[in-house]
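Enquirer: fold the following and give me the result.
(chains A and B)
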There are 2 protein chains.
Amino acid sequence: MSQDRLILELQKIVGQQSVLYKPDDLLAYECDGLTIYKHRPRAVVFPADTEQVAAVVKLLNREKVPFIPRGAGTGLSGGAIPIGGEVLISLVKMKRLISVDFENRTAVVEPGYVNLRLTKAIAHEGYYYAPDPSSGMSCTIGGNVGENAGGPHCLKYGVTSNHVLGVEMVLPDGEIVTLGGMVPDMPGYDLTGLVVGSEGTMGIVTKIIVRILKKPQGVKTVLALYDSVDDASETVSAIIAEGFIPGALEMMDKTAIEGVEAGTYPVGYPKDLEAVLIIELDGLTAGMEEMSEQIVEICKKHNVREVRVAQNEQERTLWWSNRKTAFGAMGNLSPDYLVQDGVIPRSRLPEVLRRIAEISRESGLRIANVFHAGDGNLHPLILFDSSKPGETELAVKVGSEVLQACADAGGSITGEHGIGIEKQQDMTKIFTREELDAQIAIMRVFNPENLCNPDKVFPKPARCVEVKKAAAASL
Amino acid sequence: MSQDRLILELQKIVGQQSVLYKPDDLLAYECDGLTIYKHRPRAVVFPADTEQVAAVVKLLNREKVPFIPRGAGTGLSGGAIPIGGEVLISLVKMKRLISVDFENRTAVVEPGYVNLRLTKAIAHEGYYYAPDPSSGMSCTIGGNVGENAGGPHCLKYGVTSNHVLGVEMVLPDGEIVTLGGMVPDMPGYDLTGLVVGSEGTMGIVTKIIVRILKKPQGVKTVLALYDSVDDASETVSAIIAEGFIPGALEMMDKTAIEGVEAGTYPVGYPKDLEAVLIIELDGLTAGMEEMSEQIVEICKKHNVREVRVAQNEQERTLWWSNRKTAFGAMGNLSPDYLVQDGVIPRSRLPEVLRRIAEISRESGLRIANVFHAGDGNLHPLILFDSSKPGETELAVKVGSEVLQACADAGGSITGEHGIGIEKQQDMTKIFTREELDAQIAIMRVFNPENLCNPDKVFPKPARCVEVKKAAAASL
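Expert: Numbering: from 1, shown residues only, chains lettered A, B, ... in the order given. Down below sits the predicted model:
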């Protein structure tokens, strides 16, 4: 089908205003949060409801035109980049909160509904939505489902897959199915769990049933400043070993601190600090005072330089704003940065951090570390300058080395940002050919013609080598 | 291949002593915990390690002989019943605890390892394994993986799928794969989540990586006795609404109480009681006293007749022994019983209980209710006498009506016991034909020739009708 004809047919379904196709209009859709790869989409279409999504998909399927679902475009692994000139199906117009059932603690949203809006919409009844990616102000819950998004509070509450009970999805042939339901642990295979984190390769989610949680009665936030990353790491291990499950347990290293202190929300951290921990307890108020005192004691036992408990909501908000804007604040240190997203067993933290420092020295690129320390989810931020010849490629290489270090430590190459196009080749670091084939076979059940977000997630065949999965060694 | 030849070939792989084939020896393997259906297996084979499992499976695959993995045979939905005369592959000889990593809170076990043994093996370091089915003393972790087993403490801690990080599995063609790994939320599709709860239809799990948890510092167990089921139900809702997440929140109704009081662990409940609640708080000791007082107050606000906090471990153990033996204790009231396992949104509890009472009156069969009230997981125990003509069939019909009531309330037909052969036809109560087809297509990726636990879980085609999924209506 000609481009003109395709645009016309798409316009017939969603209306003239809801199809972008002029080169200038497409510019903003060439990449997502991973800005180092770009490609122009064939068109961007904005359906208003499930039926329009299904009709668009049926048309594209009939014409064998590949397509990609897109939320707010905040994804960090390039899952929504139209690397093959695909049609983008933007879900931003489908942004309704369909229903809330406080008694059974569920809500139904459309995929374009913005993450933080849900918490705001249900706060008056004392409820909130737990997954809290740093991009919460702009990212959509549909995108969160695609990437199985996490956030600082996932240590205690789990990632998106722990909060999605079911979805309505348009399959790549345009058929509409419902997976899961209003109660957890439905019988049959856990297809909802399969779709969450599948990065748009199985279909387009058009409705999402999520769990909502009662807001904790109280919160205690402890800030601990360290002269050594090892002392901070050992504090993390000690807190967990004592049986605490903090709502969040975050660390930033020296370079990260330098970045956030030059950013929009400086806390006033001393310049010679090596590490900052934010330890947040939440839950019922009974016993919380005592618990925060115990946390302070643990910090002191591990050579903390200074430790304080937030005295008011304002202070707590400042600490979190500072932390949550850490990625963007890297712009104060470097023209460009690449976020990595490795996961390691908690006990290997000090050794992997040493290896990352080594990689930084060897490559000459600075690396800032911001991470969900409690669950071993690292976010090394590789600072580089794309205007210098070869430095983008070097940053990509350094990122891959960092992931290799995580895989070597028995960990994984992504905690919450997904594979997308960024880490396709890194999949062989943790999966064998057979294991990848099994996953591709599953994908093909939903997406037999590979029309829905094609050529993402899995390594390109040419470069796929047999590398034994790290985890297998530990069995 | 002739039966004699098959037995000989199997013996060559696992040794002469590890194959049962004489009719008398096979008697004990005709059914599992669902005793109303029986069929003799062709043979039972006991492999000692993964390689033997793979060799057995390769042989059976080559000869196109269907087979079924089997743990302790405590399953309640008939998943391990060789309804087509399959070969049973018993995993009970593979019962090693392979390794424990306290620092990273993981353990690796073989599938035949008994659930409660894990908690005992790691207790000395202050750890435990959370999923606690009532059959914990005999059921195996491999079987728990097959059925995605739950237990009273799953309200707070989640079911088996929340505690399995990865598995080693022999595919139905004999190939050995590893899914998941030592850290949670591995990239790619969540195949571990898919295998957990797949009831042996995707392959034979030969190693399991599980999370282990730090034992709570303290426990407070509250027992509340009620003159009305509605008051007890409202107490449950109020506790959850206040933001408490008890470790367990269990209810028994009058008939169930009659059974347990005639059993091995009578507590001495008054005879005219309508409902008992066991509410257990666990976690850090800080604030726990205050929280248990708040729970007691909530019970009082909802017309509790009597409420007490366990004064010592002995008292707590008695209350739990009484509750955990409830299924078996039904033998004191009736020669036979059929356990059902429906899940409903918590708010629909009173109405569904009334419907169950109605079904009981209409059918003339007594129904005792024992349930995980906190998460809406009902266990109606249908009492019947298999020696009376037609009464087994009536019990099966009543069970199906109970599940229909759960599905009508927007719930599900199983919480933790699986589908097996018992609820195959009930699958159409909550899934459309398309949704079932999608699941079957996924199963076929692993099990293309339907040799591994064939003809379980999914409805027999002839009886499969299109019934719209209940949950779809609420979207």
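
Enquirer: now do the buried residues in stretch A:295-303.
Expert: By neighbour count on 16 or more other Cβ atoms under 10 Å in any protein chain shown, the buried set for stretch A:295-303 is A:295-296, A:298-299, A:302. In short, each C-beta sits where N, CA and C put it, glycine included.

Enquirer: cool, and stretch A:328-343?
Expert: Quick answer for stretch A:328-343 (16+ other Cβ under 10 Å): A:329-330, A:333-334, A:336-343.

Enquirer: and the stretch 51-200 of chain A, which of its residues are near chain B?
Expert: A:98-99, A:101, A:103-104, A:106, A:108, A:148, A:150, A:159, A:161-162, A:166, A:168, A:175, A:177-191, A:193-194, A:196-198 (Cβ under 8 Å from any Cβ of the partner chain).

Enquirer: what about chain B: which of the buried residues of stretch A:328-343 touch it?
Expert: A:Val343.

Enquirer: ChimeraX command for the buried members of the residues of the stretch 51-200 of chain A next to chain B?
Expert: Restricted to buried positions by 16+ other Cβ under 10 Å, the ChimeraX selection for those reads:
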select /A:101,104,106,108,148,150,159,161,162,166,168,177,178,179,180,181,182,183,184,185,186,187,188,189,190,191,193,194,196,197,198
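
Enquirer: what about the residues of the stretch 51-200 of chain A next to chain B, which are in helices?
Expert: Judged by DSSP state H, these include A:191, A:193-194 as members of helices.

Enquirer: can I get those in JSON lines including distance to A:Val276 and pLDDT?
Expert: Formatted as JSON lines, these follow (distance: Cβ to Cβ, whole Å; pLDDT from 0 to 100):
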{"residue": "A:Leu191", "distance to A:Val276": "41", "pLDDT": "91"}
{"residue": "A:Gly193", "distance to A:Val276": "35", "pLDDT": "91"}
{"residue": "A:Leu194", "distance to A:Val276": "38", "pLDDT": "92"}
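
Enquirer: wait, A:Ala130 sits on A:Lys215?
Expert: No. Taking contacts as Cβ atoms under 8 Å, A:Ala130 lies outside contact range of A:Lys215: 10.3 Å.

Enquirer: those two: which is more packed in?
Expert: For A:Ala130 and A:Lys215, the more surrounded residue by other Cβ atoms under 10 Å in any protein chain shown is A:Ala130, and the numbers stand at 20 against 16.

Enquirer: for A:Ala357, what are phi and psi?
Expert: When read as degrees, to the nearest 10, the backbone of A:Ala357 gives phi -60, psi -40.

Enquirer: which residues touch it?
Expert: Contact analysis of A:Ala357 by Cβ atoms under 8 Å, 6 or more residues apart in numbering or on different chains lists A:Ile367.

Enquirer: try it again with 10 Å
Expert: Counting by Cβ atoms under 10 Å, 6 or more residues apart in numbering or on different chains, A:Ala357 makes contact with A:229, A:253, A:367, A:369.

Enquirer: so which of these are in helices?
Expert: Using DSSP H, the contacts of A:Ala357 in helices are A:Val229.

Enquirer: distance to A:Tyr265 and pLDDT added to the contacts of A:Ala357, as TSV?
Expert: As requested, those are exported to TSV (distance: Cβ to Cβ, whole Å; pLDDT from 0 to 100):
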residue	distance to A:Tyr265	pLDDT
A:Val229	22	92
A:Asp253	18	96
A:Ile367	22	97
A:Asn369	19	95
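
Enquirer: just give me the neighbour total for the residue in chain A that chain B sits nearest to.
Expert: As assessed by Cβ to the nearest Cβ, chain B sits closest to A:Gly287 within chain A, at 1.9 Å. A:Gly287: 21 surrounding residues under other Cβ under 10 Å.

Enquirer: now neighbour count and distance to chain B too, for the contacts of A:Ala357, in JSON lines please.
Expert: Below are the contacts of A:Ala357 laid out as JSON lines (neighbours: other Cβ atoms under 10 Å in any protein chain shown; distance: Cβ to the nearest Cβ, whole Å):
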{"residue": "A:Val229", "neighbour count": "19", "distance to chain B": "18"}
{"residue": "A:Asp253", "neighbour count": "24", "distance to chain B": "21"}
{"residue": "A:Ile367", "neighbour count": "25", "distance to chain B": "21"}
{"residue": "A:Asn369", "neighbour count": "25", "distance to chain B": "18"}
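
Enquirer: farthest pair in the contacts of A:Ala357?
Expert: The distance between the two most remote of these (Cβ to Cβ) is 12.7 Å, for A:Val229 and A:Ile367.

Enquirer: which residues do those two both contact?
Expert: Here A:Val229 and A:Ile367 have A:253, A:353, A:357 as joint contacts, going by Cβ under 10 Å, 6+ apart.

Enquirer: closest to A:Lys388 among those residues?
Expert: Set against A:Lys388, the nearest of the shared contacts of A:Val229 and A:Ile367 by Cβ to Cβ is A:Ala357 (22.0 Å).

Enquirer: quick check, pLDDT for the closest one.
Expert: Here, the pLDDT recorded for A:Ala357 equals 94.

Enquirer: one more: A:Tyr157?
Expert: You'll see A:Tyr157 listed with a pLDDT of 89.

Enquirer: ok, is stretch A:395-410 in contact with chain B or not?
Expert: Yes. Applying Cβ under 10 Å from any Cβ of the partner chain, one finds stretch A:395-410 touching chain B at A:406-407, A:409-410.

Enquirer: among the residues you listed, which ones are in helices?
Expert: A:406-407.

Enquirer: any of the residues of stretch A:395-410 next to chain B buried? List them.
Expert: Applying 16+ other Cβ under 10 Å to the residues of stretch A:395-410 next to chain B flags A:406-407, A:409-410 as buried.

Enquirer: what would those residues look like in a markdown table with pLDDT?
Expert: Putting those into a markdown table (pLDDT from 0 to 100) gives the following:
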| residue | pLDDT |
| --- | --- |
| A:Cys406 | 94 |
| A:Ala407 | 92 |
| A:Ala409 | 93 |
| A:Gly410 | 89 |
